[in-house]
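Enquirer: Would you be able to build a 3D model of this:
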Amino acid sequence: MGASDGERFLSDGDSITLNLDDLDFDVARFESLAAGSDPEQLEQALVVYRGDLLDGFGLKEEPFEDWLRVERERLTAIATIVLEKLVAHYSATNDLPSCLRAAVRLLALEPLREDIHRALMRTYAAQGRFNLALKQYERCRDVLQLQLRLQPEPETRQLYDDLRTRRVTPQAATRIAASVSPSQTPPTSAARTGERPASRAEPMRPATHYVKSAGINIAYQVTGDGPVDLIYVPGWVSNLDLAWSSPRLAHMLQRLGSFARLIRMDKRGTGLSDRNVGLPTLEERMEDMRAVLDAVGSKRTVLFGSSEGGPMCMLFAATYPERTAAVVLNGTYASGRWSPDYPWARTSEQVEEDLTAVERQWGEPADMSNAAPSLMNDSFEREWFRVS
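Expert: As a prediction, this is how the structure comes out:
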């Protein structure tokens with residue numbers, strides 16, 4: 001391709017492309033500002049980020065709509081990280097008004113974040129505005145009930161009780177004004193050098209058990225003691241123990257275990273299960289899941305499938321409907337390969353390219369820029385992504 005001085009378009013045979021060399025884009029500027037740690041730079045990033053990409057614009061073409069949805073989610077995730085950094089910074093510097101402003105905007109993006117609801121409650125209390133702190137709890141309780149049919153976490157309820165009886169003084173609340181979880185604070189020098197920061201201590205790992213399925217050892221763990229059984233089936237690779245070393249994933253698992261008996265497994269060929277098992281079929285892995293549920297005595301189970309785990313859950317539900325209480329799917333698909341009746345899946349050529357890229361990047365945080373773009377600047381999470 002070529003373009004002469006001053007030309008705005010590049011031509012190459014039948015193709016015409018816009019020359020982007022001297023253009024300034026909001027998205028590129030936002031990503032650059034968001035990658036920093038200086039509060040002024042982060043605040044400027046939020047000025048640039050004004051909401052959903054191309055808000056109000058759409059084309060009735062599925063490939064474009066899919067691309068736009070993914071880009072919107074990616075940019076929203078980056079904005080969330082920016083706000084988390086600001087909440088952590090303003091809480092550390094005791095800038096309560098700025099902390100409130102950042103936390104309120106963060107909740108607008110992620111209204112189910114109990115840690116941010118608690119941050120607001122403590123910040124209001126630090127200002128002596130106990131009535132607003134208690135109202136914030138009510139908002140948290142209502143949104144959890146409306147969207148998830150859940151009650152707040154014990155920590156949130158305890159904070160509410162303390163505030164209601166004034167056991168948290170404004171002075172004490174100031175010291176803990178914006179209590180974000182350790183995984184959301186900016187990386188420390190220890191994190192940048194690849195060491196585990198003291199604030200990121202792992203929760204105690206549960207015992208790993210094994211069950212035989214057609215002669216193969218399948219690893220599983222059980223946590224929580226809620227009234228329902230829920231099995232979480234992860235994507236294409238997993239490791240039961242390593243999952244607990246990621247603060248974000250550990251928080252999710254602990255939250256699931258707060259209202260359910262959480263059952264997790266490593267699929268045959270992955271993690272702590274037998275590795276040298278050949279190329280497993282979907283049916284074999286589905287039967288492995290049944291063996292795990294039999295081993296823990298689960299007669300009727302909520303199936304939670306993420307990515308590649310989704311088809312396993314769908315097949316199990318179709319095969320054993322009497323044992324399926326519900327199916328929850330996250331980022332999954334009905335078919336992993338393109339077909340005339342499933343044209344949005346990856347073609348065989350694209351799958352081969354993906355596998356080649358995985359092999360080339362093995363031992364690195366492969367595909368992290370797509371799977372978790374908001375964590376790219378967190379060296380601790382990059383290291384976890386690499387070894388997991």
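Enquirer: I'd like the next helix or strand past the lowest-mean-pLDDT helix or strand in the chain.
Expert: For the chain, counting by mean pLDDT, DSSP states H and E, helix 189-192 ranks last in confidence among helices and strands (a mean of 34). Per DSSP states H and E, the first helix or strand lying C-terminal to helix 189-192 is strand 209-213.
Enquirer: Rounded mean pLDDT for the next helix or strand after that next one, please.
Expert: Sequence-wise, the next helix or strand downstream of strand 209-213 (DSSP H and E) is strand 216-223. Strand 216-223 carries an average pLDDT of 96.
Enquirer: Give me the buried positions along strand 216-223.
Expert: Going by neighbour count (16 or more other C-beta atoms under 10 Å), the buried part of strand 216-223 is 216, 218-223. Heads up, the C-betas are built off the backbone N, CA and C, glycines and all.
Enquirer: With distance to residue 159 added, can I get the residues you listed in TSV?
Expert: Shown next, in TSV, are the buried residues of strand 216-223 (distance: C-beta to C-beta, whole Å):
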residue	distance to residue 159
216	46
218	40
219	37
220	34
221	30
222	29
223	24
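Enquirer: With respect to residue 312, which of these is nearest?
Expert: Nearest to residue 312 among the buried residues of strand 216-223: residue 218, at 12.6 Å, using C-beta to C-beta.
Enquirer: Now do the contacts for the closest one.
Expert: 210-212, 265-268, 273-274, 288, 291-292 (C-beta atoms under 8 Å, 6 or more residues apart in numbering).
Enquirer: how about the strands in the stretch 201-350 of the chain?
Expert: 209-213, 216-223, 228-233, 260-265, 301-306, 324-330 (DSSP state E, counting those that start in this stretch).
Enquirer: what angle do the longest one and strand 260-265 make?
Expert: By that I understand strand 216-223. Counting by axes from the mean of the first three to the mean of the last three C-alpha atoms, to 10 degrees, strand 216-223 points 160 degrees away from the direction of strand 260-265.
Enquirer: Find me the pLDDT at the closest residue to residue 335 other than its chain neighbours, would you?
Expert: Using C-beta to C-beta, 6 or more residues apart in numbering and skipping residues adjacent in sequence, the residue nearest residue 335 is residue 342, 4.7 Å away. Predicted confidence (pLDDT) for residue 342: 86.
Enquirer: burial count for residue 342?
Expert: Neighbours of residue 342 under the rule other C-beta atoms under 10 Å: 12.
Enquirer: if we can go back for a sec, out of the contacts of residue 218, which is nearest to residue 247?
Expert: So of the contacts of residue 218, ranked by how close each gets to residue 247 (C-beta to C-beta), first place is residue 266, at 20.5 Å.
Enquirer: What pLDDT does the model give the closest one?
Expert: pLDDT at residue 266 comes out at 96.
Enquirer: separation between residue 255 and residue 230?
Expert: Between residue 255 and residue 230 the computed distance is 11 Å (C-beta to C-beta, to the nearest Å).
Enquirer: Oh, that last question was meant for residue 244, not what I typed.
Expert: 17 Å.
Enquirer: The two: which has the busier surroundings?
Expert: Comparing residue 244 with residue 230 by other C-beta under 10 Å, the one with more neighbours is residue 230, at 22 against 19.
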